[in-house]
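Engineer: Sequence and predicted structure are below.
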Amino acid sequence: ATTEIYTLTLHDALPISGFYVAEAGGMGIIRDIRKNFPKGNAKIMLLNVPQFSSILKPYIQGYTAAIKAGCPSCQIWIDTVDLSVVIGPGSSAAFVQALRTHPGTDYMVISGEQFGGLRPAIVSAGITPVPKITGWSPLESGIKDLQSSNPQAMGWVNTPTQPVGAQMIDALARYWTHTTPVDPWDGTAETNLPLNPKIQQLVLWVTHANI
């Protein structure tokens, strides 16, 4: 199987790195759209949780930037779900209801925490088309799903912790020993996205084909 690795520029700060993680996920969606929606008429749902709005804002920005760049005619809508619902027993029901109010949704972009049992709930509700599920930060259930013979999710995007950690330590060592003038802890404001390169880190688009 072909392994796809999207290498993007990340930043040490979570809100800023989130933009580039999401941009890689958006690239994965665009690849699928070009294959299955040649007219570029796909409809994509992005998730927002009010309590995490500052963290999720760059994710929404990153996905939106990549999707709009690759498919200007695609439609993006944002589903806002309260944290108490997202982490509660009725999270799937909330997403099913959201899909009923936005018929024709082709892709759902969520975090790994919201994945378990979502697609079966959509199928049981008789919603068509059944959106392709993707997002960021897969939990163990999401990884096992991609390893199965018939995965529910299209793919997940995230940074590999060990390589990223090793690269960050290497960058700090080079900076502290004055072998490079690049400060990996540059404090550029979140509003200045996207940033100029600081540290090259990996962003992985993980699918059934390369898991």
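Structural biologist: The structure has been received and is ready for your questions.

Engineer: List the buried residues of the lengthiest helix in the chain.
Structural biologist: Of all segments of type helix in the chain, defined using DSSP state H, the longest is helix 14-36. Neighbour counts over helix 14-36 (16 or more other Cβ atoms under 10 Å) mark 15-33 as buried. In short, each C-beta sits where N, CA and C put it, glycine included.

Engineer: on contacts alone, who are the packing partners of that helix?
Structural biologist: strand 5-10, helix 53-70, strand 107-111, strand 132-136, strand 153-158, strand 199-206 (3 or more Cβ pairs under 8 Å, 6 or more residues apart in numbering; DSSP states H and E).

Engineer: Can you say which of the ones you listed is nearest to D79?
Structural biologist: strand 107-111 (8.2 Å; Cβ to Cβ).

Engineer: Which elements pack onto the helix or strand following that closest one?
Structural biologist: Next helix or strand after strand 107-111 toward the C-terminus (DSSP states H and E): helix 118-124. Secondary structure elements in contact with helix 118-124, counted by 3+ Cβ pairs under 8 Å, 6+ apart, are helix 91-101.

Engineer: ok and the helix it packs on relative to strand 107-111, angle-wise?
Structural biologist: 150 degrees (axes from the mean of the first three to the mean of the last three Cα atoms, to 10 degrees).

Engineer: Tell me which residues touch F37, please.
Structural biologist: Contacts for F37 (Cβ atoms under 8 Å, 6 or more residues apart in numbering) come out as C71, C74, D106.

Engineer: Could you list the low-pLDDT ranges of the chain?
Structural biologist: 1-16, 164, 181-201 (pLDDT under 70).

Engineer: ok, 80 please
Structural biologist: In the predicted model, the chain carries pLDDT under 80 at residues 1-17, 159-176, 178-202.

Engineer: Any of the contacts of F37 buried? List them.
Structural biologist: Once neighbours are counted (16+ other Cβ under 10 Å), the buried part of the contacts of F37 comes down to C71, C74, D106.

Engineer: Give me the distance between the second one and F37.
Structural biologist: So the one you mean is C74. Look at C74 and F37: by Cβ to Cβ, to the nearest Å, they are 8 Å apart.

Engineer: Same question for the last one.
Structural biologist: When Cβ to Cβ is the yardstick, D106 and F37 sit 7 Å from each other.

Engineer: can you check L99 too?
Structural biologist: 18 Å.

Engineer: still on that earlier bit, could you check the angle the longest helix of the chain makes with strand 107-111?
Structural biologist: 160 degrees.

Engineer: Between C74 and F37, which contacts overlap?
Structural biologist: With Cβ under 8 Å, 6+ apart as the test, C74 and F37 reach no residue in common.

Engineer: picking that back up, hmm, who's touching the helix or strand just after the longest helix of the chain?
Structural biologist: Downstream of helix 14-36, the next assigned helix or strand under DSSP H and E is strand 43-48. With Cβ under 8 Å, 6+ apart as the test, strand 43-48 has contacts from 29, 56, 59-60, 63-64, 67, 74-81, 98-99, 102, 104-111, 114, 131, 135.
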